[in-house]
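[1] one predicted model, sequence on top.
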Amino acid sequence: MDRTSLIGLALGLAAIIGGQLLEGGELRSLVQVTAFAIVIGGTLGAVMLQSSPAVFMAGVRLLPWIFRPPASEFRNTLDRLVLWGSTARKGGLLALEPMMRGAVDAYTRKGLQLVVDGAEPHVLREAMQLEIDTWEDAQRQAARVWGAAGGYAPTIGIIGAVMGLIQVMQNLSDPARLGAGIAVAFVATIYGVGSANLFFLPVASKLEAIIARQVRLREMIADGMEAIAAGENPRNIELRLEGYFVQ
C-alpha cells in the first residue's frame, strides 16, 4: 500500500475544505450536483472521444497502481539473476529449466525460456527489448488518459462557469434564481481546476514514474539474461546490474 498517495489526496481535500470552513463558509456551498455533472461528465466524454476503447479501459485499470503499485524489487531480482548465473555456469543452461516454474512473471519466464533454448545473447536481448518497448508504449498510452483528463477538466469547468453566468443573465429580473446560477458558475470552476490539479494530473505523473521504474527493472532482467546466456561470471553480472538501482 502506497500511503503517500492516500495522505496526499486526503491532505489536498482537507486543505480546500478547511480553507472553506476557516473563511466562514459552509460545506454545502461546495456541493453542486449540476457543476459536478458538467465537469466530470464533460471531462469523461472528452477523454473517451480522444482514446480508443482499449486504451481508455487500460487507463482505468491502471488507477489502483496509485495505491498499490506493482512490485519492483531490484535487490531480490538481482539476487535471483546472480543465482541463475551461478546455476548455469555449474550445471549448464539446461539446469535453469526448473527455475522457470518459480519465475514470478511471464516476462522473466520468457527470458529463462530463451536462455534454456540456447538463444544467442544478442537474439535474446532483441526479443526481450522488443517486449519492453511494446509494454512501455501500451502503458504510457494508458497513463496519458489521466493526463488528458487533467487538461480537459479546467476548460470544462470554465464552460460550466459560463453556463452558470448565462443563467444569471437570463434571470436578472428574478433574484431568487440568481444565487443558484452564480453557485454553479463558481463551483464548476473549482471542480474543474481542483480535480485536474489534485487528482488527474498527479495520478498521470505518478503512473509515469511507476511505469519508468518497471521499465528499468525489465531492462535489468534483460541485461542479466543476456549475460547469463553469454556465460559471464556471476560476480561480474552482479556488479554491472547494481547500477540499475540505489541500494
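    Looks like it arrived, so ask away.
[2] now the element after the lowest-mean-pLDDT helix or strand in the chain, going C-ward?
    When the helices and strands of the chain are compared on mean pLDDT, DSSP states H and E, helix 175-195 comes out lowest with a mean of 77. Where DSSP states H and E defines the elements, the next helix or strand beyond helix 175-195 is helix 201-229.
[3] what is the mean pLDDT for whichever helix or strand comes after that following helix?
    Under the assignment DSSP H and E, the closest C-terminal helix or strand after helix 201-229 is helix 234-241. Averaging pLDDT along helix 234-241 yields 88.
[4] next one: stretch 42-57
    94.
[5] then stretch 108-122?
    What stretch 108-122 shows for mean pLDDT is 89.
[6] list the buried residues of that stretch.
    Thr108, Lys110, Gly111, Leu112, Gln113, Leu114, Val115, Val116, Ala119, Pro121 (16 or more other CB atoms under 10 Å). All C-beta spots, glycine's among them, are computed from the backbone N, C-alpha and C.
[7] end-to-end on that stretch?
    For stretch 108-122, the first-to-last residue distance is 17 Å (CA to CA, to the nearest Å).
[8] check what pLDDT Val82 gets.
    At Val82, pLDDT is 91.
[9] tell me the contacts of it?
    Going by CB atoms under 8 Å, 6 or more residues apart in numbering, Val82 touches Pro234, Arg235, Ile237, Glu238.
[10] same question, Gly157
    Contacts of Gly157 by CB under 8 Å, 6+ apart are Ile38, Val39, Ala188, Thr189, Ile190, Tyr191, Gly192, Val193.
[11] equivalent analysis for Leu27, please.
    Leu27 sits next to Ile17, Gln20, Leu21 when contact means CB under 8 Å, 6+ apart.
[12] of the residues you listed - the most surrounded one?
    Highest neighbour count within these: Gln20, with 15 neighbours (other CB atoms under 10 Å).
[13] grab the most central residue of the chain for me.
    Leu207 (2.0 Å; CA atoms, centre = their mean).
[14] how close does the residue lying closest to it once chain neighbours are set aside get to Gly8?
    Excluding the flanking residues, the one nearest Leu207 by CB to CB, 6 or more residues apart in numbering is Ala143, at 3.9 Å. With distances taken as CB to CB, to the nearest Å, Ala143 is found 18 Å from Gly8.
[15] more neighbours: which of those two?
    Neighbours were counted for Ala143 and for Gly8 using other CB under 10 Å; Ala143 has more, 23 against 15.
[16] so that one is in which element?
    Ala143 is part of helix 121-170 when elements are defined by DSSP H and E.
[17] tell me how far that helix lies from the chain's centre.
    Once both centres are worked out by CA atoms, centre = their mean, to the nearest Å, helix 121-170 turns out to sit 10 Å from its chain's centre.
[18] now the angle from that helix to helix 201-229?
    180 degrees (axes from the mean of the first three to the mean of the last three CA atoms, to 10 degrees).
[19] didn't the residue nearest to Leu207 look like it was pressed against Pro202?
    No - Ala143 is beyond contact range of Pro202, at 11.9 Å (criterion: CB atoms under 8 Å).
[20] thinking again about what came up before, in JSON lines: the contacts of Gly157, plus distance to Arg75 and neighbour count.
    Output for the contacts of Gly157, formatted as JSON lines (distance: CB to CB, whole Å; neighbours: other CB atoms under 10 Å):
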{"residue": "Ile38", "distance to Arg75": "49", "neighbour count": "23"}
{"residue": "Val39", "distance to Arg75": "44", "neighbour count": "31"}
{"residue": "Ala188", "distance to Arg75": "49", "neighbour count": "27"}
{"residue": "Thr189", "distance to Arg75": "47", "neighbour count": "20"}
{"residue": "Ile190", "distance to Arg75": "45", "neighbour count": "18"}
{"residue": "Tyr191", "distance to Arg75": "43", "neighbour count": "25"}
{"residue": "Gly192", "distance to Arg75": "43", "neighbour count": "26"}
{"residue": "Val193", "distance to Arg75": "41", "neighbour count": "16"}
